[in-house]
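Provide a 3D model corresponding to the input given below.
(2 chains)
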Protein chains: 2
Amino acid sequence: MSSGESSSSRIDYSRLLSWEAKHRARSGIKMLRPYMSIPGMISFGGGYPHASTWPVNGMTLSLPFSGESVFVPGYQTNSPDGLLPLASYSPPPKTSTLQPHLAAELQYSQTFGQVHFISWLKEHIARIHNPPYAKYEDYTILNTAGNTDGVDAVLRTCMDKGDHVLVEEFAYPGTLSHCESLGLPAIGVPMDSDGIVPSALEDMMSRWDENERGGKRPKFLLVVPTCSNPAGATIPAERKREIYTICRKWGLMIIEDDPYYFLQIRPNGVDSPPCTSFLSMDIDGRVIRLDSFSKIVAPGSRCGFITGPTELVTHIMYSRECSTQLPSGFSIAIISSILQAWGGHEGYEKNYLPYISSVYSKRAILMSNLISKHVPAKAATAPPPSGGMFLWLRLHLEDHPDISDTSVSLEDLAERVFQSLIEAKVLTVPSKFFKAPGKSWTRDEEAKRIFLRLSFATATEEEITEGVQRIGRALTKEWRI
Amino acid sequence: MSSGESSSSRIDYSRLLSWEAKHRARSGIKMLRPYMSIPGMISFGGGYPHASTWPVNGMTLSLPFSGESVFVPGYQTNSPDGLLPLASYSPPPKTSTLQPHLAAELQYSQTFGQVHFISWLKEHIARIHNPPYAKYEDYTILNTAGNTDGVDAVLRTCMDKGDHVLVEEFAYPGTLSHCESLGLPAIGVPMDSDGIVPSALEDMMSRWDENERGGKRPKFLLVVPTCSNPAGATIPAERKREIYTICRKWGLMIIEDDPYYFLQIRPNGVDSPPCTSFLSMDIDGRVIRLDSFSKIVAPGSRCGFITGPTELVTHIMYSRECSTQLPSGFSIAIISSILQAWGGHEGYEKNYLPYISSVYSKRAILMSNLISKHVPAKAATAPPPSGGMFLWLRLHLEDHPDISDTSVSLEDLAERVFQSLIEAKVLTVPSKFFKAPGKSWTRDEEAKRIFLRLSFATATEEEITEGVQRIGRALTKEWRI
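Numbers count the residues shown, from 1 in each chain, chains lettered A, B, ... in the order given. Predicted coordinates:
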């Protein structure tokens, strides 16, 4: 039943391409590029606006974390002197990878991204994940406009209408909706509090019946492995290894969509390293990893990056040439200036990343403790938080006083609980919005698979405290405790 | 033969939707929004990062055009006092439409765009184009990550594999390549120096043979009506009216991709208003207009906007929910601060836009004059420039000394001319890279339809002067004049 891909054979990426990707014609103009390097050549070739016309020729950013401000230079402006009351400027040393400059960032550029920025990201990936397949095949970074843009690029490049894709039992609704609009049936792999269950994945692949499923065995597993949305689950390293082995067996590619990676709870700060990623155990070039600055800098930065095997990432880049092209140059100038100001890799890893995880960790632990204190365990429990932005409160419908009344559907019962919280003025998100179609469960099993998603990211401490108390009171009443 | 759409009937946009658009499921979470307006509600619903974590809480932008700097506030920072040596800050008056603030722009937002910014853009569209159909049906603005993103969004929303789309005989290669990858045959409508020829469009639609063409009569005309890329052609108002009438007759929608609109040559500056757009004559809601800040602010701003009938633009927005989501919040904060600093609509229209057009106009006129002076008219001529970034130099192959040798193909002859310019060290772009398949021409006709694209946007005045002289010398030699 195995797809028979031997562990030593090179993955044939060409068989992964969608109709769209296979039919994407490259612009012939690009073949003219070598001419531009002939000495003395005057180019009337490009359609690039003139940098002297750009309205911002410098900016100063106030950076509270480092307690300083930085000046970003622009066209014919290498110092703030004589310009405006801006901060002083020290250009980065020539040896620095990051070389932010608005005159470069605001121009058109290669679609992979600004050279200095993607070089720095590649150093970052090597430091954090060090993909083992890099020993025999290079990997490539593609800058994206965030992970939603990244997922879109991967799906359009690698999948055609009718292709099934494996996702988590409870998955990000934007992904489910996008798969549906592209005609890609998304099938949920059963989860527990540690994320998708390896035996369930093996079971699903080995029992895959093309006729029953209406399509071929999937080629891709799309998973949010760290502090997942909605379930807040982080897959432990050992389980990741099991999943990776199963993926090898069945020739499954892994799309590792990991925007919350650096929001993991790290009890000892910098001395608690983030968990092992799929990329860091990837000996085949099987993982397409998606990182984002949305949770690290801000959602409005619209900046993320894809790491994966060069051949496939190049095809993914082609799809961006015809859509987003590049992230905003303002974003790149600002983010790279910030990274520089933070002290590059060392400062980022030792100071900022532990700080940003601690901000959310405190909130996660606060909410988790309040749930233990105020919500009766008979009615609902949440697993210990792993970080990110969400707790996943399981409703113990199996202990609900009306569970034995089989005339009431579980869906109606869950809705009643949700509405009781609305009446108590606390808004949560029912798990039905995240549920991918997959395994069928009995009523008894299903009663244990109904949740509410609780975000601790935005509410104040006072609101978290008051809100959890409201949940406690409402569920106490609803379970008649 | 007419498609029979009467002039008074409302367009049925639902028949324009692609499979992808028709199958796009909306997230059920959005139905929870009304709950958030219940007074006292604590929301654990959203997955929004906390604004206090964002690393930039203010920035100062040096704006050479207005000779001043502006301060952009951020989270809990409404003045630069005590922060850093930043410029002084005056918040915009409450009556101002533009209200840039990083704490809003860096957060997730509705996919249409930041409310203050798209409100301002709608005022802008009303002031410049005043679409007549707005009398009976509203139009809507959707912020995009630039016009390439916008074209992608429209194509994916409105077209399915196999649908034909009409483009200009010489069209932007990115569009041609993207249509090909989406399986949309792009058919070129013959052009002259005033853009696509109305009688040729009528001819193409009236003689459309489904069997011969292998597909139904097109539903969309995609056109760059102002200072087009590559041909630098601007369609005069009267010709636009003829084209619009033909589109009404055949039920054709018009995608007006207009990034160069404000780069038109305006001989009397502010007293020479920009030309009439398709949108400004749109009585039906037939035009989807795409504007961009790429040529007005900078390509790296990755910020554009779509204007069109609300129903259709809403569907287009859905496709962005699953891809780019929004332009960069840094871009929006910066661009809206700049627009504010320039004095809003009045300052933008009366000062900045005439200025930006004059920058390129001077270069266009310089290059055009140099061509008249140095390039023999027997060998090549360019029509008078209309603005933008490109001149379109027609090679008079009909007068080439080797034209009567029919063993030499026109393609080879054009390539030889191109290579003679390369030898003279001047890089141009041959028209073959822009040619959409369409009408078949005889050798005599085709000999008059071969061009070189010359960009005057990036080279210095000295380079423009030297480069045109090189062209003149090379063509003089090639035509043996």
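
any weak-confidence spans in chain A?
Residues of chain A meeting the criterion pLDDT under 70: A:1-11, A:13-36, A:40, A:43-59, A:61-91, A:102-103.

Give me the domain ranges for it.
As given by automatic domain parsing, the domain ranges for chain A are A:28-50+A:359-478, A:102-351.

Tell me which of those domains sits nearest to chain B.
Among the domains of chain A, domain A:102-351 comes nearest to chain B, with 2.3 Å by C-beta to the nearest C-beta. (C-beta placed from N, C-alpha, C; glycine too.)

Please see if stretch A:228-241 touches chain B.
Yes - contact of stretch A:228-241 with chain B (C-beta under 8 Å from any C-beta of the partner chain) involves A:Asn229.

Check the offset of that stretch from the chain's centre.
13 Å (C-alpha atoms, centre = their mean, to the nearest Å).

do the same with stretch A:209-220
Centroid separation between stretch A:209-220 and its chain, computed with C-alpha atoms, centre = their mean, is 26 Å.

tell me which residues of it are tucked away?
By neighbour count on 16 or more other C-beta atoms under 10 Å in any protein chain shown, the buried set for stretch A:209-220 is A:Arg217, A:Pro218, A:Lys219, A:Phe220.

quick revisit: pick the most deeply packed of the domains of chain A.
domain A:102-351 (a mean of 21; mean count of other C-beta atoms under 10 Å in any protein chain shown).

circling back: need the domains of chain A in CSV (columns: distance to B:Phe278).
Below are these laid out as CSV (distance: least, C-beta to C-beta, whole Å):
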stretch, distance to B:Phe278
domain A:28-50+A:359-478, 22
domain A:102-351, 23
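
Could you list which of the buried residues of stretch A:209-220 belong to strands?
Among these, the members found in strands (DSSP state E) are A:Phe220.

A:Leu475 should be in a strand, yeah?
No - assessed with DSSP: H, G, I helix; E, B strand; the rest coil, A:Leu475 is helix; it does not lie in a strand.

What sits closest to it if chain neighbours are left out?
A:Ala379 (4.0 Å; C-beta to C-beta, 6 or more residues apart in numbering or on different chains).

residue contacts, the one you found?
Under the criterion of C-beta atoms under 8 Å, 6 or more residues apart in numbering or on different chains, the neighbours of A:Ala379 are A:Leu395, A:His396, A:Asp399, A:His400, A:Leu475, A:Thr476, A:Glu478, A:Trp479, A:Ile481.

Thought A:Arg416 was touching the fourth one, still the case?
By that I understand A:His400. No - between A:His400 and A:Arg416 there is no contact under C-beta atoms under 8 Å: 9.1 Å.

Common neighbours of the two, please.
Counting by C-beta under 8 Å, 6+ apart, the residues touching both A:His400 and A:Arg416 are A:Glu478.

Before we go further, A:Thr324 is sitting in a helix, right?
No - counting by three-state DSSP, A:Thr324 is located in no helix; its state is coil.

Checking my notes, A:Val408 in a strand, right?
No - assignment of A:Val408 by three-state DSSP gives coil, placing it outside any strand.

Find the nearest non-adjacent residue to it, please.
Per C-beta to C-beta, 6+ apart, closest to A:Val408 is A:Asp402, 5.8 Å.

re earlier: okay, the contacts of A:Ala379 in a markdown table with distance to A:Pro198 and secondary structure next?
Formatted as a markdown table, those follow (distance: C-beta to C-beta, whole Å; DSSP: H, G, I helix; E, B strand; the rest coil):
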| residue | distance to A:Pro198 | secondary structure |
| --- | --- | --- |
| A:Leu395 | 26 | strand |
| A:His396 | 26 | coil |
| A:Asp399 | 29 | helix |
| A:His400 | 31 | coil |
| A:Leu475 | 33 | helix |
| A:Thr476 | 37 | helix |
| A:Glu478 | 35 | helix |
| A:Trp479 | 34 | coil |
| A:Ile481 | 37 | coil |
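
mind checking the end-to-end distance for stretch A:395-408?
16 Å (C-alpha to C-alpha, to the nearest Å).

Distance from the chain centre to it, please.
36 Å.

ok, A:Ala351 to A:Tyr172 distance?
Heads up, residue A:351 is Asn, not Ala. Separation of A:Asn351 from A:Tyr172 (C-beta to C-beta, to the nearest Å): 30 Å.

now do A:Thr97
32 Å.

repeat for A:Ile141
For A:Ile141, the distance to A:Tyr172 - C-beta to C-beta - is 23 Å.

Ok, A:Leu290 next?
Separation of A:Leu290 from A:Tyr172 (C-beta to C-beta): 12 Å.

Give the full set of residues in contact with A:Asp291.
Counting by C-beta under 8 Å, 6+ apart, A:Asp291 has contacts A:Asn147, A:Asp258, A:Pro259, A:Tyr261, A:Gly304, A:Phe305, A:Thr307.

Disregarding residues adjacent in the polypeptide, which is nearest to the second one?
The shortest distance from A:Asp258 to any residue other than its chain neighbours is 5.5 Å, reached at A:Thr226 (C-beta to C-beta, 6+ apart).

Hmm, A:Tyr260 and the one you found touching each other?
Yes - between A:Thr226 and A:Tyr260 there is a contact at 5.2 Å, judged by C-beta under 8 Å.

tell me the secondary structure for the residue nearest to A:Val408?
Looking at A:Asp402 with three-state DSSP, the answer is coil.
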